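1. 3D, please:
(one chain, ligands or ions: 2)
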Amino acid sequence: MNVFENGRSIDLMSVLDNKEWRSHYQERLKIQYPTAIIVSIKLNIPGPIKSSPLLKDSYNFGLRDIKQCLKQFKIVYERFFIENTTGPEGFLAVLGDLKAVKLATISFEETSTIGRLFDIDIMAEQNEQQLSRRSLGYRARTCFICDKDAKTCIKQGVHTLESGYDAINKICTIYMKKQITISKQSQDQIVRAAMTALLYEVSLNPKPGLVDPVSNGAHSDMTVFTFIDSSLSLQQYFNEAYAISHDFSGDDLTVMFETLRQLGVRAEAKMCGATHGVNTHKGAIFSLGILISAIAYGTRIGGVTVNDLQKIITKMTVNLVQHDFKNLYKKKQKLTAGEQQYQQYRLPGIRGEAAAGFPIVMDMALPFLLKSVGSTNQRLLDTLMKIASSIVDTNLIKRAGSPDILTELKQWSATYFELGGSQTSAGITYLKKLDVEFVQRHLSIGGTADNLISTVFLARLVGGI
Ligand SMILES: CC(C)(COP(=O)(O)OP(=O)(O)OC[C@H]1O[C@@H](n2cnc3c(N)ncnc32)[C@H](O[C@H]2O[C@H](COP(=O)(O)OP(=O)(O)OP(=O)(O)O)[C@@H](O)[C@H]2O)[C@@H]1O)[C@@H](O)C(=O)NCCC(=O)NCCS
Ligand SMILES: Nc1ncnc2[nH]cnc12
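-> Ligands and ions are numbered 1, 2, ... in the order given. Presented below is the predicted three-dimensional model:
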């Protein structure tokens, strides 16, 4: 997730003007509410970009947590300026003990994943110096890059802006994943969501190079009906994947994964039986199988956040890349596309994605889809092309014969969004032109399609589509 995407730079004068405006606003509130404590809440973001769609989202979620920390106090005034180009900010007038209010806001800063990005000022008649963090037994604010004293890092200019942005993106990514929870669901609900995801993906059009109801794309050996047959053949596997995981009682989740893989091998064979040997959903069998398994295991007692789901997945697949790719030179049978690309380019492909907890789906595609607008077809087209901007698609690399194709894929994605994506006829026309080029060049983004399937599956479970 890049929270600075679609953010606009502002100049120093705007920052200084905003500082003056804030000070005057606070003074007016002190006069209007003389017995209240005035709380100013804004983000502490270095560099010229102070606001963006994702920074505003992070602020709003954080604000919810701050008000939760202040729930014991009576809030007599609140006003927020989310659209300020100098960054989302707001003010509260709170009735309560000054020290208790200060402690409550410090607890947010210290305990919330996103707390260190917030700058919360407390003002009242008493001299604030008596109420510094140190005077309340807390250390000074720490740098969100190196954890040392923030003031020292800022004064000495220790860090580059890029390292600051990286740290902020990491903080916001983890925080946003903790806001998305998959509630405890029945086996039937989870399996139906998986089936829905398979059928939604193949129904989506126009997709570049991929099979949909209008075009077989760059695949001479499959049609939309092949994918429907393939999807229906996988329902039993999804039920099995749920069952072995929901009832798994061991501590070593790699054992659960190995049991799943045996089911997956059988599912691949069943898929091939249903498609007359065509590989439609090999990647989806792998990815959806792991997701269903992790969710079944993770929701046995209650809901599971996306952040915790990733931890379960990484525990399941901790040995996957090493196990699958060791001693490839000894393998007698023809190497698969993924094995060849690991051997030739050290690209871990779908296995690497799984072992990392499916970051493209969890960190980027799912939050993107949940925020997307328009018809289902529009939302899914934009999500597919968003995935295309970051994925190492081994299916595409195989077809193109080199990872260099990934540079073109990023450019195609960028151009699509520059044209307005699915919301404009120019964006849709561009997709149709891309499909023609993909067919001519025999290109396909099957891995990207699989990531979309995983994304739709999770979005369905959280009620986001
Ligand atoms: C781990 C396996 C997936 C091993 O498969 P393989 O070694 O082949 O690994 P990859 O090639 O890296 O990936 C296999 C498929 O995964 C999809 N994929 C690729 N990159 C990504 C990615 N970054 N993220 C997610 N998914 C990705 C992709 O699948 C799609 O494309 C396939 C259609 O194409 P294919 O037939 O390969 O190619 P065509 O273009 O159609 O060629 P022609 O037919 O024209 O010649 C389709 O499968 C889509 O899903 C990759 O192809 C796993 O299968 C495995 O471990 N298998 C062993 C048995 C097992 O354990 N299974 C169950 C595991 S739970
Ligand atoms: N619609 C699609 N076309 C081609 N390959 C795919 N792999 C997954 N979905 C696909």
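
2. could you list the low-pLDDT ranges of the chain?
-> 125-130 (pLDDT under 70).

3. report the contact partners of the most centrally placed residue in it.
-> In the chain, the residue lying closest to the centroid (Cα atoms, centre = their mean) is residue 363, at 2.1 Å. By Cβ atoms under 8 Å, 6 or more residues apart in numbering, the contact set of residue 363 is 1, 173, 177. All C-beta spots, glycine's among them, are computed from the backbone N, C-alpha and C.

4. and if you look at residue 203?
-> 212-213, 224.

5. next one: phi and psi at it?
-> phi -80, psi -20 (degrees, to the nearest 10).

6. same thing with residue 79?
-> Dihedral angles of residue 79 (phi, psi; degrees, to the nearest 10) stand at phi -150, psi 130.

7. that one touches residue 91, doesn't it?
-> Yes. Between residue 79 and residue 91 there is a contact under Cβ atoms under 8 Å: 5.5 Å.

8. please identify which of the two sits among more neighbours.
-> Neighbour comparison, residue 79 and residue 91: the larger count goes to residue 91, with 21 against 11 (by other Cβ atoms under 10 Å).

9. ok, back up a step: neighbour count added to the contacts of residue 203, as TSV?
-> Putting these into TSV (neighbours: other Cβ atoms under 10 Å) gives the following:
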residue	neighbour count
212	19
213	13
224	17
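
10. quick one: secondary structure of residue 122?
-> At residue 122 the chain is in strand, as set by DSSP: H, G, I helix; E, B strand; the rest coil.

11. so the closest residue to residue 294 other than its chain neighbours is in which element?
-> Using Cβ to Cβ, 6 or more residues apart in numbering and skipping the chain neighbours, the partner closest in space to residue 294 is residue 312 (4.3 Å). Assigned by DSSP states H and E, residue 312 belongs to helix 306-316.

12. how about residue 437?
-> Using DSSP H and E, residue 437 sits in helix 425-441.

13. packing partners of that helix?
-> Judged by 3 or more Cβ pairs under 8 Å, 6 or more residues apart in numbering; DSSP states H and E, helix 425-441 is in contact with helix 376-388, helix 405-418.

14. need the ones you listed in JSON lines with mean neighbour count, can you?
-> Below are the helices and strands packed on helix 425-441 laid out as JSON lines (neighbours: other Cβ under 10 Å):
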{"stretch": "helix 376-388", "mean neighbour count": "23"}
{"stretch": "helix 405-418", "mean neighbour count": "16"}
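
15. need the ones you listed in JSON lines (columns: distance to ligand 1).
-> JSON lines is the format used below for these (distance: least, Cβ to the nearest ligand atom, whole Å):
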{"stretch": "helix 376-388", "distance to ligand 1": "9"}
{"stretch": "helix 405-418", "distance to ligand 1": "10"}
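
16. ok, the closest residue to residue 223 other than its chain neighbours to residue 363 distance?
-> Spatial nearest neighbour of residue 223, excluding adjacent residues (Cβ to Cβ, 6+ apart): residue 216 at 5.5 Å. Separation of residue 216 from residue 363 (Cβ to Cβ, to the nearest Å): 32 Å.

17. neighbours of residue 295, just the number please.
-> As a burial measure, residue 295 scores 27 neighbours (other Cβ under 10 Å).

18. between the helix or strand harbouring it and helix 306-316, how many degrees?
-> Per DSSP H and E: residue 295 is located in helix 282-298. Calculated by axes from the mean of the first three to the mean of the last three Cα atoms, to 10 degrees, helix 282-298 forms an angle of 110 degrees with helix 306-316.

19. gap between the residue of the stretch 51-200 of the chain found nearest ligand 2 and residue 189?
-> Proximity of the stretch 51-200 of the chain to ligand 2 (Cβ to the nearest ligand atom) peaks at residue 198, 8.1 Å away. If you measure residue 198 against residue 189 using Cβ to Cβ, the figure is 16 Å.

20. neighbour-wise, which of the two wins?
-> Taking neighbours as other Cβ under 10 Å, residue 198 and residue 189 compare with residue 198 leading, 25 against 13.

21. so that one is in contact with residue 227, correct?
-> Yes. Residue 198 is in contact with residue 227 according to Cβ under 8 Å; the separation is 7.2 Å.

22. between those two, which contacts overlap?
-> Contact with both residue 198 and residue 227 is made by residues residue 281, according to Cβ under 8 Å, 6+ apart.

23. near ligand 1, which residues of the stretch 301-450 of the chain?
-> 336-339, 349-351, 353, 391-395, 399, 444, 446-447, 450 (Cβ under 6 Å from any ligand atom).

24. the stretch 101-250 of the chain: strands as residue ranges?
-> With DSSP state E, counting those that start in this stretch applied, the stretch 101-250 of the chain shows strands at 118-123, 181-182, listed in chain order.

25. does residue 115 touch residue 138 like I think?
-> No. Residue 115 lies out of contact with residue 138 (Cβ under 8 Å); the separation is 11.9 Å.

26. and those two? Which one has more around it.
-> residue 115 (22 against 15).

27. quick one: contacts for the more buried one?
-> Residue 115 makes contact with 62, 108-109, according to Cβ under 8 Å, 6+ apart.

28. keep only those of these that are in helices.
-> Members of the contacts of residue 115 lying in helices (criterion: DSSP state H): 62, 108-109.

29. can you pick the most crowded of the residues you listed?
-> Ranked by the number of neighbours (other Cβ under 10 Å), the ones in helices among the contacts of residue 115 place residue 62 first, at 23 neighbours.

30. got a list of what that residue touches?
-> Contacts of residue 62 (Cβ under 8 Å, 6+ apart): 108, 112, 114-115, 117-118, 175.

31. residue 38 sits in which helix or strand?
-> strand 37-43.

32. list the neighbouring strands of that strand plus their orientation.
-> strand 89-95 (antiparallel), strand 118-123 (antiparallel) (DSSP bridges).

33. do me a favour and get the end-to-end distance for stretch 142-161?
-> End-to-end span of stretch 142-161 (Cα to Cα, to the nearest Å): 17 Å.

34. which positions within it qualify as buried?
-> For stretch 142-161, burial by neighbour count (16 or more other Cβ atoms under 10 Å) applies to 142-145, 150, 153, 159.

35. show me what it is in contact with.
-> Counting by Cβ under 8 Å, 6+ apart, residues outside stretch 142-161 touching it are 46-47, 116-117, 139-141, 163-164, 167-168, 171.
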